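# 3D model of this:
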Amino acid sequence: MDTPVIRIAILIANVLLSNMASAEEQKCYSRFDYDEKMIEKMIRAEIKLEEFANRMDLNDATLGDIRTDFRNEIQSTKEDISMNLNDFIEKYVANTTDGGWSDWTFWNTCPVTCGISMVTRSRSCDNPTPRMFGRQCVGNHQEWKTCEVQKCPGQTEKIAFYATITAHIYPTKANTPLKFTHVVTNVGGGYDPSTGYFTAPTDGIFVFSLTVRQHGHSMHGYDGHVSIKKGDTVVMKVYLDMHSKDNVYDTASGTTVLELRKEDTVYVVADDSGKAIIGIEEFSSYFSGYRIW
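Prediction:
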């Protein structure tokens with residue numbers, strides 16, 4: 001078997017043999033002695049070279065067997081992987097089922113005998129149930145809503161109002177109730193737009209809010225004070241200041257919490273006369289209130 005490895009080995013052996021001959025030539029005593037020793041060395045080199053070549057043939061054959069076995073192993077592994085992947089796809093992916101919602105259940109019974117509470121209903125992701133790598137259902141499995149039975153004894157009555165000004169109030173009159181004539185909300189009927197008074201329909205704790213927008217001018221001044229009064233008592237005051245500039249506007253807001261008895265009155269007044277409160281800019285000035293207990 002003539003391989004590049006063997007050819008290189010023979011070349012190396014010849015070079016070594018030549019070097020051996022050159023190194024020992026000076027020790028020979030005659031031409032005959034030299035030739036005899038060279039022939040002996042060449043014979044020994046030939047024997048060694050033959051042994052080396054045989055070993056190289058064996059190693060080359062062994063290496064070829066290893067390569068063949070390795071190629072066979074790779075091919076077998078590829079076939080196993082392909083077969084396993086096909087089995088996986090057939091067993092799992094091909095049999096995938098996406099989930100679907102069942103119908104909603106009925107709303108459950110309101111858990112209280114009076115007042116307000118919550119009820120629920122539910123559904124399940126089992127129509128069909130997700131299988132293998134199927135997608136889960138999208139959305140909520142439960143819904144909530146309020147339920148109201150009869151009012152409980154002593155339950156707070158709903159009272160709330162919200163009213164705005166839709167036309168300028170000019171000029172104001174000191175300590176005269178401002179009338180917020182555009183009523184948006186009036187649950188319980190406590191607010192009277194014809195007078196500007198809120199009259200408490202029942203005892204309770206109430207929250208009141210006030211927002212006022214004012215126009216500043218040399219004709220009617222640059223600052224103003226507007227108050228919420230309970231009966232004859234000021235309980236909250238807001239301040240407006242246009243900094244002595246004509247045709248400048250300012251807005252002020254405030255909130256107060258009051259304990260009222262039935263028939264108590266709450267209203268808004270301007271502390272000074274001759275002011276200009278803006279109403280035509282929708283919802284820029286308003287008065288509101290509601291019962292919290």
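
# so residue 157 makes contact with residue 292?
No. Using CB atoms under 8 Å, residue 157 is not in contact with residue 292; the gap is 11.8 Å. C-beta coordinates here come from the backbone N, C-alpha and C atoms, glycine included.

# quick one: common contacting residues for these two?
Counting by CB atoms under 8 Å, 6 or more residues apart in numbering, the contacts common to residue 157 and residue 292 are residue 204.

# which residues of this protein score low on pLDDT?
Along the chain, segments meeting pLDDT under 70 span 1-94, 153-156, 280-282.

# Can you get me the start-to-end distance on stretch 138-150?
One end of stretch 138-150 to the other measures 37 Å (CA to CA, to the nearest Å).

# Next, the buried residues of it.
Residues of stretch 138-150 classed as buried: residue 147 (neighbour count, 16 or more other CB atoms under 10 Å).

# what's the answer for stretch 169-181, then?
So, applying 16+ other CB under 10 Å, buried residues of stretch 169-181: 169, 172, 177, 178, 179, 180.

# Surely the last one and residue 194 touch.
No. With contact defined as CB under 8 Å, residue 180 does not count as touching residue 194 (10.9 Å).

# Strands of the stretch 51-200 of the chain, residue ranges please.
With strands called from DSSP state E, counting those that start in this stretch, the stretch 51-200 of the chain shows them at 116-122, 142-148, 160-164, 182-187, 191-192, 197-199.

# winner for burial among those?
Of all the strands of the stretch 51-200 of the chain, strand 191-192 has the most neighbours on average by mean count of other CB atoms under 10 Å, namely a mean of 22.

# mind listing what that strand pairs with, with the direction of each?
In the sheet, strand 191-192 lines up against strand 197-199 (antiparallel) (DSSP bridges).

# how near is the closest residue in space to residue 187 that isn't next to it in sequence to residue 208?
Leaving aside its sequence neighbours, residue 187 sits nearest to residue 160 (CB to CB, 6 or more residues apart in numbering; 4.6 Å). Separation of residue 160 from residue 208 (CB to CB, to the nearest Å): 11 Å.

# okay, and the common contacts of these two?
Shared contacts of residue 160 and residue 208, defined by CB under 8 Å, 6+ apart, comprise 288, 289.

# my guess is residue 152 contacts residue 116, does it?
No. The pair residue 152 / residue 116 is not scored as a contact, 9.3 Å apart, by CB under 8 Å.

# Show me the helices in the stretch 101-250 of the chain, by range?
For the stretch 101-250 of the chain, helices defined by DSSP state H, counting those that start in this stretch do not occur.

# so what's residue 200 up against?
By CB under 8 Å, 6+ apart, residue 200 lies in contact with 159, 190, 206, 260, 261, 262, 263, 264, 265, 266.

# How much space separates the nearest residue to residue 288 once chain neighbours are set aside from residue 289?
Spatial nearest neighbour of residue 288, chain neighbours left out: residue 162 (4.2 Å); criterion: CB to CB, 6+ apart. If you measure residue 162 against residue 289 using CB to CB, the figure is 8 Å.

# Over to residue 108?
Taking CB to CB, one finds residue 108 at 37 Å from residue 289.

# Next: residue 251.
In this view, residue 251 and residue 289 are 19 Å apart by CB to CB.

# just residue 220 next, same as before
The gap separating residue 220 from residue 289 is 28 Å, by CB to CB.

# More neighbours: those two, which one.
Shown here are residue 220 and residue 289; by other CB atoms under 10 Å, residue 289 has more neighbours (24 against 18).

# Isn't that one up against residue 204?
No. Contact criterion CB under 8 Å: residue 289 and residue 204 do not qualify, at 10.8 Å.

# which non-adjacent residue is nearest residue 112?
Residue nearest to residue 112 in three dimensions, not counting chain neighbours: residue 149, with 6.2 Å by CB to CB, 6+ apart.
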